[in-house]
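1. just need the structure, nothing else, for what follows:
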Amino acid sequence: MIRRLTIVGVGLLGGSVARAARTHRLAAEIVGIGRDRGRLAPAVADGTLDRATTDLAEGVREADVVVLAATVLASEALLGDLWPMLPAGALVTDVGSTKTGIVRRADALAATRDDVHFVGSHPMAGSEKSGYGAARADLFRDALVILTPTGATAPAATKRVTALWETMGARTVVLDPETHDRAVAAVSHLPHLVAWALVDAVSRFEPAALAGAARGFKDTTRFAASVPAVWRVIVLASRGPALASLDHFRRALDELTALVAAADGAPLEATLARIRDAREAVR
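-> Numbering: from 1, shown residues only. I've put the predicted structure just below:
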């Protein structure tokens, strides 16, 4: 059991970690850190957190495990702030959807102090909703969590983080940070951007259509209901992979446009069949 688990940022993901940890009795004490004590109050009131604080040093004092669940860039900055505050042997992980920046930062910090360990994590779970009110104890059940250790990561640290997520019901896989960022840009960031673009395109083409949109359109564009401020940070933090994925999407769309313009049914059907087969291979 973890003696003291500290979660920095008790929103959807951080709150879900706290609730899952409480449900599975992963920690003797769960501490939450946030900028607004009022926003932390519900998690204390319902018993998810044992205590909450707005003071980073106080929150990580004597912590065995720290989970950074703020925005991507905020977590990267916080990592440098908390590194000298942590007790020897402390383990740090995060829930960010981009990994290259924070992993590089952690490796640099480890070179100055090697008795603190970091293993990057990215749970492929979430919601278009945000905030602690949307947090769920079962959010990570059967979800995939990508771990991004490097050659500088202690194997024991990776093992501990793996156990943490698997105890919460998740499946884990290991990728290097750069491969992770490209993969996530393709299957997460690009679909969000495409959903926003699709809603915008329909609004421009025929605004009245939105009023009569059926379930298929709503399901396809669900990501467009995500919080813009959160996704602004995510997309800009992974700007390179995001632009690369958008470039490939543009090429695919251009090819479909050309097939429709050519009015030749056979090549269009063959292309759609090829794409359908690729989709059906997704499990």
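
2. isn't Thr98 right up against Ser75?
-> No. Applying Cβ atoms under 8 Å, one finds Thr98 not in contact with Ser75, separated by 9.9 Å. The way it works is simple: take the backbone N, C-alpha and C, and place the C-beta from them, glycine included.

3. the two: which is more packed in?
-> Between Thr98 and Ser75, counted using other Cβ atoms under 10 Å, Thr98 has the larger neighbour count: 28 against 23.

4. what sits against that one?
-> Thr98 makes contact with 72, 181, 184, 234, 237-238, according to Cβ atoms under 8 Å, 6 or more residues apart in numbering.

5. in terms of distance to Thr162, which of those ranks first?
-> Val184 (18.8 Å; Cβ to Cβ).

6. okay, and the closest one sits in which element?
-> helix 177-184 (DSSP states H and E).

7. which strands or helices does that helix pack on?
-> Where contact means 3 or more Cβ pairs under 8 Å, 6 or more residues apart in numbering; DSSP states H and E, helix 177-184 is packed against helix 100-110, strand 144-147, helix 239-262.

8. all helices for the stretch 101-250 of the chain, in order.
-> 155-167, 177-184, 190-205, 215-220, 228-237, 239-262 (DSSP state H, counting those that start in this stretch).

9. include mean neighbour count, mean pLDDT and distance to Thr53 when you put those helices into a markdown table, please.
-> Below are the helices of the stretch 101-250 of the chain laid out as a markdown table (neighbours: other Cβ atoms under 10 Å; pLDDT from 0 to 100; distance: least, Cβ to Cβ, whole Å):
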| stretch | mean neighbour count | mean pLDDT | distance to Thr53 |
| --- | --- | --- | --- |
| helix 155-167 | 17 | 97 | 22 |
| helix 177-184 | 19 | 95 | 30 |
| helix 190-205 | 15 | 96 | 33 |
| helix 215-220 | 11 | 94 | 40 |
| helix 228-237 | 16 | 89 | 23 |
| helix 239-262 | 13 | 96 | 33 |
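
10. now for the ones you listed, which one comes closest to Arg283?
-> Among those, the nearest to Arg283 by Cβ to Cβ is helix 177-184 (15.4 Å).

11. and the angle from that closest one to helix 100-110?
-> For helix 177-184 against helix 100-110, the angle by axes from the mean of the first three to the mean of the last three Cα atoms, to 10 degrees is 160 degrees.

12. residues in contact with helix 177-184: which ones?
-> With contacts defined as Cβ under 8 Å, 6+ apart, helix 177-184 is touched by 97-100, 103-104, 120, 122, 124, 146, 148, 150, 175, 238, 241, 244-245.

13. kindly report the same for stretch 68-84.
-> Contacting residues not belonging to stretch 68-84 are listed as 7-11, 13-14, 17, 56, 60, 66, 92-98, 101-102, 105-106, 109, 112-113, 116, 118, 230, 233-234, 237 [Cβ under 8 Å, 6+ apart].

14. out of those, list just those in strands.
-> Among these, DSSP state E puts 7-8, 66, 92-94, 118 in strands.

15. any of these buried? List them.
-> For the ones in strands among the contacts of stretch 68-84, a burial check counting by 16 or more other Cβ atoms under 10 Å picks out 7-8, 66, 92-94, 118.

16. list just the nearest of these to Ala134.
-> Ile7 (15.4 Å).

17. could you break the protein into its assigned domains?
-> Per automatic domain parsing, the structural domains of the chain span 2-175, 179-280.

18. now do the end-to-end distance for the shortest one.
-> So the one you mean is domain 179-280. For domain 179-280, the first-to-last residue distance is 23 Å (Cα to Cα, to the nearest Å).

19. no further questions, thank you.
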